[in-house]
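Trainee: sequence-free structure coming up:
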């Protein structure tokens, strides 16, 4: 099968939208999905800064949503042709963490999602000249009209939903909302500080507001703070020296939870100082330099941990989030701007410049 896809050929090159060849016969436990829309995530763009650790050329994209047009054999009740699905991260399904309902901590997460792929399911993706492209990114490579995916990382959704907008529920929005709803279990009366009002941070704000928690959103960009305030958060400019005292005042003595999406050492330390005793800080951004914690930040029972993919089981959290959206309690669509797949480089520039919270790419020539 020939289809159009956005190919990244070098870390310092623009994306090129070109013909690729996809072996379209799904293996057992595998789906062929016609992509309706795919979110652009910071993790996609981080390939540019991987220092060669991510093999190129490749088709990126891991926030896909679409319609199943082919399915390999699978168990009764499995996803079928015609189903609408949101695609999330891949996991093996049989390691201790997968069996313990923690697929984001799968023993094979790196190999399955970061261009390793499944040995029993070769990538079967080449460019028009026959040169191989890197194995499936996060089990998807969904910056394309079609994607071959493991049925395990596809979640069936209500066909009445706006399918082209749902892809970010598979990663970015899932991560922010999952940290609030799963990791913290935040509810009425709880207090939360969110560092960074990007896609993940604003999804956390939406989830916290829906859960009845008081949220303080910290960012350096006035426009992002205005968005956070619109969605129920108290805005706070990112001045690290003043953050702990101002946050403690806003949260009546200190926040119970904090979520960092910035990977900024000074902000992380400020957030720890802003916690009440026994408070918890979750980190979702990858740290690129050593993190030095200031004296006293972990005193009085405070704790810090990394959170991967919002501690989510996608098949459970994604339907929960779509249900909240249908009830008017999780308006994630207001964070999205759509672009034709052909405009992927414009979408990347807008994302880098902060002109858009969540770009979603719409392939052309599909349904």
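Mentor: Now that the structure is in, tell me what you want to look at. As the structure is a computational prediction, the values presented were derived from the model and not from experiment.
Trainee: Can you list the buried residues in stretch 87-98?
Mentor: For stretch 87-98, a neighbour-count test (16 or more other CB atoms under 10 Å) marks 87, 88, 89, 90, 91, 92, 95, 97, 98 as buried. Glycine gets a C-beta too; all of them are placed from N, C-alpha and C.
Trainee: Keep only those of these that are in strands.
Mentor: Using DSSP state E, residue 87 are the members of the buried residues of stretch 87-98 that sit in strands.
Trainee: now, which of the buried residues of stretch 87-98 sits nearest residue 146?
Mentor: Nearest to residue 146 among the buried residues of stretch 87-98: residue 87, at 12.0 Å, using CB to CB.
Trainee: I'd guessed that closest one sits against residue 67; true?
Mentor: No. Using CB atoms under 8 Å as the test, residue 87 is too far from residue 67 to be in contact (11.6 Å).
Trainee: how about residue 1, what does it touch?
Mentor: 21, 22, 23, 24, 146 (CB atoms under 8 Å, 6 or more residues apart in numbering).
Trainee: For the residues you listed, pick the one with the most neighbours.
Mentor: Counting neighbours by other CB atoms under 10 Å, the top entry in the contacts of residue 1 is residue 146, with 24 neighbours.
Trainee: Name whatever forms a beta bridge with that one.
Mentor: With DSSP bridges as the criterion, residue 146 is bridged to residue 34.
Trainee: That one and residue 36, how far apart?
Mentor: 11 Å (CB to CB, to the nearest Å).
Trainee: can you check residue 99 too?
Mentor: For residue 99, the distance to residue 36 - CB to CB - is 32 Å.
Trainee: How about the contacts made by residue 231?
Mentor: Going by CB under 8 Å, 6+ apart, residue 231 touches 202, 205, 206, 209, 331.
Trainee: Pull the number of nearby residues for the closest residue to the first one other than its chain neighbours.
Mentor: This points to residue 202. Once flanking residues are discounted, residue 202 sits nearest to residue 335: 5.7 Å by CB to CB, 6 or more residues apart in numbering. Counted with other CB under 10 Å, residues neighbouring residue 335 total 21.
Trainee: tell me the pLDDT at residue 335?
Mentor: Looking at residue 335, its pLDDT reads 98.
Trainee: cool, residue 22 as well?
Mentor: Looking at residue 22, its pLDDT reads 91.
Trainee: Wait, it touches residue 124, no?
Mentor: Yes. Using CB under 8 Å, residue 22 makes contact with residue 124 at a distance of 6.6 Å.
Trainee: Now for the two: what residues contact both?
Mentor: Residues touching both residue 22 and residue 124 (CB under 8 Å, 6+ apart) are residue 148.
Trainee: Please report how far the closest residue to residue 354 other than its chain neighbours lies from residue 39.
Mentor: Leaving aside its chain neighbours, residue 354 sits nearest to residue 221 (5.9 Å; criterion: CB to CB, 6+ apart). For residue 221, the distance to residue 39 (CB to CB) stands at 20 Å.
Trainee: Who has more neighbours out of the two?
Mentor: Using other CB under 10 Å, the more surrounded residue of residue 221 and residue 39 is residue 39, with 27 against 14.
Trainee: How about the contacts made by that one?
Mentor: 63, 167, 168, 170, 171, 172, 336, 358, 359, 360, 361.
Trainee: Residue 140 now?
Mentor: 61, 62, 64, 87, 147, 149, 153.
Trainee: Break down the stretch 1-150 of the chain into its strands, ranges please.
Mentor: Using DSSP state E, counting those that start in this stretch, the strands found in the stretch 1-150 of the chain span residues 2-8, 16-22, 30-39, 58-59, 64-71, 84-87, 125-127, 146-150.
Trainee: Same list as before, those strands that is, but in CSV and with distance to residue 162 included.
Mentor: What follows is the strands of the stretch 1-150 of the chain, written out as CSV (distance: least, CB to CB, whole Å):
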stretch, distance to residue 162
strand 2-8, 22
strand 16-22, 24
strand 30-39, 9
strand 58-59, 24
strand 64-71, 9
strand 84-87, 10
strand 125-127, 28
strand 146-150, 19
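Trainee: Give me the below-cutoff pLDDT ranges for the stretch 251-367 of the chain.
Mentor: Counting by pLDDT under 70, the stretch 251-367 of the chain contains low-confidence ranges at 365-367.
Trainee: Number of residues surrounding residue 328?
Mentor: The tally of other residues near residue 328 (other CB under 10 Å) stands at 8.
Trainee: State the distance from it to residue 133.
Mentor: Taken as CB to CB, the spacing of residue 328 relative to residue 133 amounts to 41 Å.
Trainee: same thing with residue 238?
Mentor: Residue 238 is 39 Å from residue 133, where distance means CB to CB.
Trainee: do residue 257 as well
Mentor: In this view, residue 257 and residue 133 are 41 Å apart by CB to CB.
Trainee: How about residue 141, nearest residue that isn't a chain neighbour?
Mentor: Using CB to CB, 6+ apart and skipping the chain neighbours, the partner closest in space to residue 141 is residue 59 (4.0 Å).
Trainee: The one you found is in contact with residue 19, isn't it?
Mentor: No. Here residue 59 lies out of contact with residue 19, judged by CB under 8 Å, at a distance of 11.7 Å.
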